[in-house]
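Chemist: Quick one: sequence plus predicted model below, questions after.
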Number of protein chains: 6
Amino acid sequence: MRILVVNVNTTQSITDAIGKQAADAASPGTEIVPLTPLFGAESVEGNYESYLAAVAVMETVRAHSEPFDAVIQAGYGEHGREGLQELLDVPVVDITEAAASTAQFLGRSYSVVTTLDRTVPLIEERLAVAGLSARCASVRASGLAVLELEQDEQAAVDAITEQAARAVEEDRAEVICLGCGGMAGLAERVVERTGVPVVDGVAAAVTIAESLVRLGLSTSKVRTYARPRPKQILNWPWHTG
Amino acid sequence: MRILVVNVNTTQSITDAIGKQAADAASPGTEIVPLTPLFGAESVEGNYESYLAAVAVMETVRAHSEPFDAVIQAGYGEHGREGLQELLDVPVVDITEAAASTAQFLGRSYSVVTTLDRTVPLIEERLAVAGLSARCASVRASGLAVLELEQDEQAAVDAITEQAARAVEEDRAEVICLGCGGMAGLAERVVERTGVPVVDGVAAAVTIAESLVRLGLSTSKVRTYARPRPKQILNWPWHTG
Amino acid sequence: MRILVVNVNTTQSITDAIGKQAADAASPGTEIVPLTPLFGAESVEGNYESYLAAVAVMETVRAHSEPFDAVIQAGYGEHGREGLQELLDVPVVDITEAAASTAQFLGRSYSVVTTLDRTVPLIEERLAVAGLSARCASVRASGLAVLELEQDEQAAVDAITEQAARAVEEDRAEVICLGCGGMAGLAERVVERTGVPVVDGVAAAVTIAESLVRLGLSTSKVRTYARPRPKQILNWPWHTG
Amino acid sequence: MRILVVNVNTTQSITDAIGKQAADAASPGTEIVPLTPLFGAESVEGNYESYLAAVAVMETVRAHSEPFDAVIQAGYGEHGREGLQELLDVPVVDITEAAASTAQFLGRSYSVVTTLDRTVPLIEERLAVAGLSARCASVRASGLAVLELEQDEQAAVDAITEQAARAVEEDRAEVICLGCGGMAGLAERVVERTGVPVVDGVAAAVTIAESLVRLGLSTSKVRTYARPRPKQILNWPWHTG
Amino acid sequence: MRILVVNVNTTQSITDAIGKQAADAASPGTEIVPLTPLFGAESVEGNYESYLAAVAVMETVRAHSEPFDAVIQAGYGEHGREGLQELLDVPVVDITEAAASTAQFLGRSYSVVTTLDRTVPLIEERLAVAGLSARCASVRASGLAVLELEQDEQAAVDAITEQAARAVEEDRAEVICLGCGGMAGLAERVVERTGVPVVDGVAAAVTIAESLVRLGLSTSKVRTYARPRPKQILNWPWHTG
Amino acid sequence: MRILVVNVNTTQSITDAIGKQAADAASPGTEIVPLTPLFGAESVEGNYESYLAAVAVMETVRAHSEPFDAVIQAGYGEHGREGLQELLDVPVVDITEAAASTAQFLGRSYSVVTTLDRTVPLIEERLAVAGLSARCASVRASGLAVLELEQDEQAAVDAITEQAARAVEEDRAEVICLGCGGMAGLAERVVERTGVPVVDGVAAAVTIAESLVRLGLSTSKVRTYARPRPKQILNWPWHTG
């Protein structure tokens, strides 16, 4: 089967890292197709950028000419999953939800550790919309921006590990979801420091997407995610009718 | 003061109707500037169209060259208000939230009556995100699409009035919020049939925007709605740097 | 239009301060009529005093012989607003609810800073009853009694500012509602210290009352706030039959 | 021990009926002292009357010159219990809460059947304030006023039994709390018709008050229900300083 | 009347202590019958042991050959109460729920202080299932195991008192429920240190069981707690058909 | 990998059906080992039977002498998953939670259709404990007992399909979880009738267990699901010490 894994940032190196994480988690026979959005911010860290990414991911998937069996939206706390579900007949999996859903099988409560403080509310709201808040102990920020993670990886790993440890000790989290990716050894360091399972959203999403495809399940079209009605879309360069 | 009232649909006649409602509710000395989005769907009735509208409203406001004191996003249950709050220093008021907030001063519970069944979940989620769900008795759909409202106004008024009456009788609503607009006599008919106050979101939003401006209050910039960080935005024709 | 602004305390100097705040926020053409309750505690700081104030405010308004267009109950966290809504045909606005409702348009979460610790539960319960708790980050007490606020204003301002700052930093509030009033320069000091918008309940209530009157909206009489049924009221000196 | 059972209505026949219910439930050695409020409405069916009753009950208890060991507030869904807890050192039990609390030991969910539709919101809010809503299946109204219950007892029994049956069948209640009292054979009829346990609030409150006294427990004075601070209370005839 | 008080641990000295607490709280004329489970863990401190205790308590009660009027399950945060309710026609009272329910009559919020950290989630979940979470301020652990409580009573009293004090000061609890028993002077010490009422679950349960019996109330058999259907139970030595 | 799939009923034909469903969903290379509990009820339909099954499943797994990589508890709404998580180092997946978690990726809300009305509360509580209630539209009963499903399959399919259709139409479910299994053609019929995706809990659990094993994730041992402490277990024939 072929799974599109769509980055929300337009930075290619992040797409590469996400693609590698996805491929590592995929079963034999699954082809991972990493995609960079056709337009948008180099890194997504707030509502304006997130809404733009939502639309960009949708158009990037619509413009993809090869067939595919599932789509993963690889951004933590971003908008847009509902729109993809409307547009597509194949399953759509958001990594924020995939991580939380997986974490709930591993412990009584989980925390998310992410980048900047300003993205905490976005993640909290996406978890609430998805019905995954009840066992969320906290969403914590390391204080480092997305692009800083790539620049000083050691500092990033330290800051994230520190917040993960506080989530376990102060917030009583029993599982940690990493709300930022692509760093060598990050998960291992957090496991070492906290002693709790660490869930990577991209890897979790790959297994969920594969499972849905294998079970022959896809998005319900009965109401919320019914196909868009035929409409005139004005002045929109990506519109393909 | 000058208030931008931004339609989410690209249909000019809807912008005209919204502009009229807003002007009717405005205080002397308030100038209402109705805007049609630069791009997007002729009518917004689902997630894809709503996400597109979110971005279109933001870019339309950013492209507006005259100064203004507040912005109203005039779409029921649409995405995007958080992004506008990030981009602007002036107050932003969403009509879904304005109507609910106003209704809560008038009765113990309120219901929303809207167009298609598929927009019910969008409205419910926007109310939940805004913290305005606790006294929402129900969101009900008339079954008529946005553009049908204009075509057979009498049928629309009948269908909406019927759902409003059921909200009062079956769901114990004490106030009705109209989640669709521009129809002559609609509010009056609903008041007549149900005996409860009827809130029009556009009118409510105008008074709230005026009040915030008069009180010298605007969006908190301390965390969630802080200005976007300087970023490269790729391939985005509306980007103005 | 004429708006009654009813103090809950029987201390005239507080009525004067509230009247001034209300007049400052009022539109041209709005007449503010500040009222001191006919009976009750010099300052309201607990349930017994609050229930007494509830009844006193209602009787004070009923005994008012001039016509009026709206009523504001100017006590933070006090009982009674529902009773006023039953008795009157004009809109009733409680300042606790007005402040919270306004704050929700300005940031993702708000905190209230009030006087004594014992009034915290009263405020929390009024916000819960009003359906305004979901985005309340915290209610914090400065530890100073209502009448102490007038005696050492500088100490009061310091104590309140300190709690506001902790609300923003520790509780992640993005807006502060002042649950105690009448101090020169208080709002400015809190804005300066915290960098977040500060909402004064009296001012917010004035704009909301004006808006409801202008929109022709008033309390729903369909169920919860229907007029009291004709009844014998025994031994009640304020009963006017 | 001696327990005051305070009616909220000023109608003596209701006090008599409540006193009888209480005495029937009391242990040997418990003296029940039924009290009619010093002032207030002949029957309490709405917010104005309920706030007045809250204050009347407090003053009636304060004016009682004999010693007592506990107080029961015998009104369904009425305000005021928090004020009594402040004023007194002995335990205070509200019958709405007593019934719900007892019902929770008998089944997974309970419904309340009360008099008029307009009292439903009062009961719902008192249960919410008391933290007893989670297992409340519904609050239903028979449509009969308090004083009508006495006039045509058979019609009252029929109307209440009908609503109880619907609560069990439609709302999945497993226990019924009677939110109106004093009718011969009512509980028996409801048990017969529904097959579920029926809780009378007055009887439940008596056993709870007795239990608290026997266990040597009374209201916590640490914060919410601390004694009122010394204050001037103006123009209040019942003030005893 | 005769009340069975069933320990969840198979340690006889704990049964003795529980029996004594129950007898001290019982009315004249109530016979307390303390029972040790027929099988299970010497002390219950986790899910496996708690599920085993649930079944053991049920079989111990079923095997009891004398008649009885009510059953108390005397384990804090343990599973099984629902099963007992199914099997029996007499009232069943769990001490976790009895303590919380009683605490709610004494203050606006309560905390539970228990033994090991790992039992905190069990207690939280039992309170949630019982609909008694809304006013629970916190569940705190002293860090001492059940059997350690007996070995160094002074250390136990100190550790528990310390957590109780923090619950009152940091979590704003107004009442403390002791989630571990049998220590001389424990309740007194906690009252002394915190100034708030302290509820012992066994004593509270005795008064509630007595009250239900006296009121002629027992478990609703209409749905959740209907008698088990006739079934074959395989290989189960305690099955008595 | 080898996955134990443990029936909660002691009826072998149900174990066979569950084993077949699991094997059909398993990846190549996964060995499914269906197990019948060592003791317990022929069918589990209530709390007593469910608690007994909880213990039986735990002992059956503990007594299993071959190594295994994950365990699935194949009972809808049954107790015990937390105990298994304590006892084991490999992942544990409950089918009730697996179905709900999978359904949440397919639509905005889901309903469960199960057997008898009395099992509805058990399922609701297990979903609440697992934090999976927020998007649960309803749990509906077909009215047929577990063993009746095998006897008249056509009647069972009809009754279940009918409830599924009502869940979609009346409760606004967008996905159906089948809370009863082993019937040929059931899922197909429900899909046909309702047009929404249908999730089988056993199949969903197999893919989740496989995913957790592949990702190298297992139960957090930091608090709630830490290994039981060494203890004496008295008179328990299955204790292996």
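Modeler: Cool, the structure landed.
Chemist: Quick check: nearest residue in space to A:Ala128, chain neighbours excluded?
Modeler: Closest residue in space to A:Ala128, ignoring its immediate chain neighbours: B:Ala128 at 6.9 Å, by CB to CB, 6 or more residues apart in numbering or on different chains. To be clear about C-beta, it is placed using only N, CA and C from the backbone, and glycine gets the same treatment.
Chemist: and the one you found, what element?
Modeler: Assessed by DSSP states H and E, B:Ala128 sits inside helix B:120-129.
Chemist: what does the helix or strand of chain A with the lowest mean pLDDT rub up against?
Modeler: The weakest-scoring helix or strand in chain A, judged by mean pLDDT, DSSP states H and E, is helix A:146-151 (a mean of 78). By CB atoms under 8 Å, 6 or more residues apart in numbering or on different chains, the residues outside helix A:146-151 that reach it are A:9, A:11, A:13-14, A:42-45, A:115-116, A:155-156, A:180, A:182-183.
Chemist: how many neighbours does A:Ser27 have?
Modeler: Using other CB atoms under 10 Å in any protein chain shown, A:Ser27 is surrounded by 17 other residues.
Chemist: All the helices of chain A, residue numbers only.
Modeler: Counting by DSSP state H, chain A has these helices, from start to end: A:12-25, A:47-62, A:81-87, A:95-103, A:120-129, A:146-151, A:153-170, A:186-194, A:201-214.
Chemist: Point out the most buried one among those.
Modeler: Greatest average neighbour count among those goes to helix A:95-103 (a mean of 28), per mean count of other CB atoms under 10 Å in any protein chain shown.
Chemist: and that one with helix F:201-214, angle?
Modeler: Using axes from the mean of the first three to the mean of the last three CA atoms, to 10 degrees, the inter-axis angle of helix A:95-103 relative to helix F:201-214 is 100 degrees.
Chemist: How about helix A:95-103 and chain E, any contact?
Modeler: No - applying CB under 8 Å from any CB of the partner chain, one finds helix A:95-103 out of contact with chain E, separated by at least 15.6 Å.
Chemist: angle of that helix against helix A:120-129?
Modeler: Helix A:95-103 and helix A:120-129 are oriented at 60 degrees to each other (the same axes, to 10 degrees).
Chemist: Spell out whether helix A:95-103 and chain F are in contact.
Modeler: Yes - using CB under 8 Å from any CB, helix A:95-103 comes into contact with chain F via A:97, A:101-102.
Chemist: how much distance is there from that helix to the middle of the chain?
Modeler: 8 Å (CA atoms, centre = their mean, to the nearest Å).
Chemist: So which residues make contact with that helix?
Modeler: By CB under 8 Å, 6+ apart, helix A:95-103 touches A:72-78, A:81, A:110, A:112, A:123, A:126-127, A:130, A:132, A:136, A:175-179, A:197, A:199-202, A:204-205, A:207-208, F:101, F:104-105, F:211-212, F:215, F:217.
Chemist: Just the terminal-to-terminal distance for stretch A:195-206.
Modeler: In stretch A:195-206, first residue to last residue: 24 Å (CA to CA, to the nearest Å).
Chemist: Oh, that last question was meant for stretch A:122-139, not what I typed.
Modeler: Note: stretch A:122-139 ends 10 Å apart using CA to CA.
Chemist: Any stretches of chain A with poor pLDDT?
Modeler: A:181-184, A:240-241 (pLDDT under 70).
Chemist: Tell me which residue lies farthest from the centre of chain A.
Modeler: The C-alpha centroid of chain A is most remote from A:Gln232, which lies 30.8 Å away (CA atoms, centre = their mean).
Chemist: Tell me which residue in chain A sits closest to chain E.
Modeler: With CB to the nearest CB as the measure, A:Arg108 is the residue of chain A nearest to chain E, at 5.5 Å.
Chemist: mind checking how far the residue nearest to the spatial centre of chain A is from E:Val6?
Modeler: Relative to the mean C-alpha position of chain A, the nearest C-alpha, by CA atoms, centre = their mean, is the one of A:Ile95, at 2.8 Å. For A:Ile95, the distance to E:Val6 equals 48 Å [CB to CB, to the nearest Å].
Chemist: again, but for A:Ser220
Modeler: Distance from A:Ser220 to E:Val6, by CB to CB: 47 Å.
Chemist: A:Val55 too?
Modeler: 62 Å.
Chemist: what does A:Thr115 give?
Modeler: Distance, A:Thr115 to E:Val6, using CB to CB: 53 Å.
Chemist: ok, now A:Leu132?
Modeler: Distance of A:Leu132 to E:Val6, given as CB to CB: 38 Å.
Chemist: Contacts only, for the closest residue to A:Asn9 other than its chain neighbours.
Modeler: Spatial nearest neighbour of A:Asn9, chain neighbours left out: A:Ser43 (4.8 Å); criterion: CB to CB, 6+ apart. Shown in contact with A:Ser43 (CB under 8 Å, 6+ apart): A:9, A:11, A:14, A:49, A:145-147, B:231.
Chemist: again, only using 7 Å
Modeler: Counting by CB atoms under 7 Å, 6 or more residues apart in numbering or on different chains, A:Ser43 touches A:9, A:11, A:145-147, B:231.
Chemist: List just the nearest of the residues you listed to E:Val90.
Modeler: A:Val146 (62.7 Å; CB to CB).
Chemist: Can you give me the separation between the closest one and chain F?
Modeler: In this view, A:Val146 and chain F are 24 Å apart by CB to the nearest CB, to the nearest Å.
Chemist: and what of A:Ala167?
Modeler: 11 Å.
Chemist: Tell me if I'm right that that residue and A:Ser142 touch.
Modeler: No - counting by CB atoms under 7 Å, A:Ala167 stays clear of A:Ser142, with 11.3 Å between them.
Chemist: dump the residue contacts of the residue lying closest to the residue of chain A closest to chain E once chain neighbours are set aside.
Modeler: In space, not counting the residues next to it along the chain, A:Arg108 is nearest to F:Thr224; the distance is 4.3 Å by CB to CB, 6+ apart. For F:Thr224, the contact set (CB under 7 Å, 6+ apart) comprises A:107-108, A:174, E:118, E:121.
Chemist: Pull out the buried residues from those residues.
Modeler: Among the contacts of F:Thr224, those classed as buried by neighbour count (16 or more other CB atoms under 10 Å in any protein chain shown) are A:107-108, A:174, E:118, E:121.
Chemist: Once you drop chain neighbours, what's closest to the residue of chain A found nearest chain D?
Modeler: Minimum separation of chain A from chain D (CB to the nearest CB) falls at A:Ala134, amounting to 14.0 Å. In this structure, A:Ala134 finds its nearest non-sequential neighbour in F:Gly131, 3.5 Å apart by CB to CB, 6+ apart.
Chemist: Surely the one you found is in contact with A:Cys136?
Modeler: No - if you go by CB under 7 Å, F:Gly131 and A:Cys136 don't touch, sitting 8.4 Å apart.
Chemist: Per the annotation, how does chain A divide into domains?
Modeler: Here the domain assignment for chain A is A:2-94+A:203-214, A:97-201, based on automatic domain parsing.
Chemist: Out of those domains, which is closest to F:Gly29?
Modeler: domain A:2-94+A:203-214 (9.6 Å).
Chemist: quick one: contacts for A:Asp117?
Modeler: Applying CB under 7 Å, 6+ apart to A:Asp117 gives the contacts A:141, A:143, B:223.
Chemist: Quick check: phi and psi on the spatially closest residue to A:Ile123 that is not a sequence neighbour?
Modeler: Nearest residue to A:Ile123, sequence neighbours excluded (CB to CB, 6+ apart): A:Gly77, at 3.5 Å. A:Gly77 adopts backbone torsions of phi 80, psi 20, taken as degrees, to the nearest 10.
Chemist: measure A:Gly77 to chain F for me?
Modeler: A:Gly77 is 17 Å from chain F, by CB to the nearest CB.
Chemist: Could you give the number of residues near that residue?
Modeler: The number of residues packed near A:Gly77 is 25, by other CB under 10 Å.
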